[in-house]
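Sequence first, predicted model second:
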Amino acid sequence: MKKLDFKLPESIFGFEIGLVKILLLPLPLIFFFIVSLNLVIIPKIGEIGSTTKEITKIKAQTKVVVEKKVYLMSRDQEKLKTDEAYLQSAILKENQSYFLVEVVRSVASKYGFQIKSFSISPGKLKDDDKVKIANKDVMNRLPISVVLVGPKEKHLDLLLAMEKSLPILVIDKFSINTSGEMAELNLDVNSFYLNNKVASDVVNLSLSDLTLNKDEADLLDRLGDFEKVELGSAVKSGESGQFIKYQKENPFSL
Amino acid sequence: MSADLNLLPSRAKFQAAKIKLKKTIMSFVWIFVFTWVALLTVVLAIFFISKFSLDLTSKKYTSEQNQYKALADDVSISYQIKYRAKLVGKVLKDRFEYGNSITKIYNIFSADVLINNYEIKGEKTFSVNGKVLDGANLDEVEEKEREINRGDSEDFVSAKLISIKMNPDKSWNFAMEVKLK
């Protein structure tokens, strides 16, 4: 069988084949360059960029978490509990006008005053009856009117004591009628209760959500001078009696 | 013999130029390949290091986050304190304090001027009825009125003597309206 012998001519269209071979040598290299650039280098550089961003973000988050952790660990636990107790006493837990009357009665009795009459007329809540934070209604006003009778010379002490009592009492209206050594005080008193329980998402709270600014820290110092009104167990806010089921067929019979 | 003198025939000169060109191209190829491989290695090395670093950072974050979550009770208490302090602060800031205001009224004059009673005319405005035993003490009342109206008082913004009346026992009764800051 005759061997097929194929030989390129020395030149094609006047170009030297040897020279063409030399000039074509970088072509596979260029191909390798383009392929590796598109498939490896550019995507990897992109990934390095996004990974670096991710690292920066996680480091920033870690810094925030560490700051929050350090702050929480540095706080005096006793002080934390005391502050919490004071602030819990400052706001009523629920809408209980009779509890508020009892608070007023308790403060008044320390200065020799007695409740002559009181009225509870919650009526319809107006917009200014609500305390708003960031345009959210968070606290409602609980109003009562009371008439107190007692020694005239003690009326100022009583007012000062009411304004330094916990729960916080706000006197909206005040008038005084005196007769001899006795005084009759007409007061419109308000206190506040929270609409909803304070819910918090532990993870997403920022450090500023946990730290007190100067005004808030001063407030807590100021509340230290306030007196918590302790009431008997029967009138404690939110306490309910035990349900007793009577086995009577006719509930109106003795 | 001069260096520029080329005695090779043209074919041989062409071959020599071709060999020189091939050498130059090969040098470029090798330099390019070396540079490219080095670049590729560096990019891949940085890529793996960044992945490793991300892994380490994530582990540290998770660990710190877990330690922070273990303090959930403290977080909750701190948030409650902040939240309630904000509310109570707002209430106290808006509250008009009758007790403190009346104390200021009673302390407006020295002990030589007796305050018999006061009347609340409106929020921050009080009408004060008082008595002085002689005319000399009435000067104190008039001076206090001027002092308040000059803006020298810390607690009051304005004052006005409404009436002055001399009694048969030479004591004086006066009524003054004052407005708190």
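Received, thanks.

could you list every residue that touches residue 26?
Since you didn't name a chain, this refers to chain A. Contact analysis of A:Pro26 by CB atoms under 8 Å, 6 or more residues apart in numbering or on different chains lists B:Ile25, B:Phe28, B:Val29, B:Phe32. The C-beta positions use only the backbone N, C-alpha and C, and glycine is treated the same way.

Let me rephrase: I mean chain B.
Counting by CB under 8 Å, 6+ apart, the residues that B:Met26 touches are A:Leu25.

chain center to the helix ranked longest in chain B, what's the gap?
Determined from DSSP state H, the single longest helix within chain B is helix B:10-69. Taking CA atoms, centre = their mean, to the nearest Å, the mean C-alpha location of helix B:10-69 is offset from the chain mean by 49 Å.

Check stretch B:152-172 too.
Counting by CA atoms, centre = their mean, stretch B:152-172 is centred 45 Å from the centre of its parent chain.

any idea which helix or strand comes after the longest helix of chain B?
helix B:72-94 (DSSP states H and E).

Which residues does that following helix contact?
Outside helix B:72-94, the residues touching it (CB under 8 Å, 6+ apart) are A:68, A:72, A:75, A:77, A:80-81, A:83-84, A:87-88, A:90-91, A:131, A:133, A:138-139, A:168, A:170, A:192, A:194, A:198, A:200, A:202, A:205, A:209-212, A:215-216, A:219-220, A:222-223, B:68.

The following helix or strand past it packs against which elements?
Downstream of helix B:72-94, the next assigned helix or strand under DSSP H and E is helix B:98-106. With contacts taken as 3 or more CB pairs under 8 Å, 6 or more residues apart in numbering or on different chains; DSSP states H and E, helix B:98-106 sits against helix A:155-162, strand B:113-122, strand B:125-132, strand B:172-180.

If you count neighbours, what's buried in helix B:98-106?
Neighbour counts over helix B:98-106 (16 or more other CB atoms under 10 Å in any protein chain shown) mark B:Tyr98, B:Gly99, B:Asn100, B:Ser101, B:Ile102, B:Lys104, B:Ile105 as buried.

circling back to that earlier point, got the contacts of A:Pro26 as CSV, with pLDDT and distance to A:Glu163 columns?
Output for the contacts of A:Pro26, formatted as CSV (pLDDT from 0 to 100; distance: CB to CB, whole Å):
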residue, pLDDT, distance to A:Glu163
B:Ile25, 84, 96
B:Phe28, 86, 91
B:Val29, 85, 92
B:Phe32, 87, 86
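
Just to check, A:Asn186 is in contact with A:Ser175?
Yes - here A:Asn186 reaches A:Ser175: they are 4.7 Å apart, a contact under CB atoms under 8 Å.
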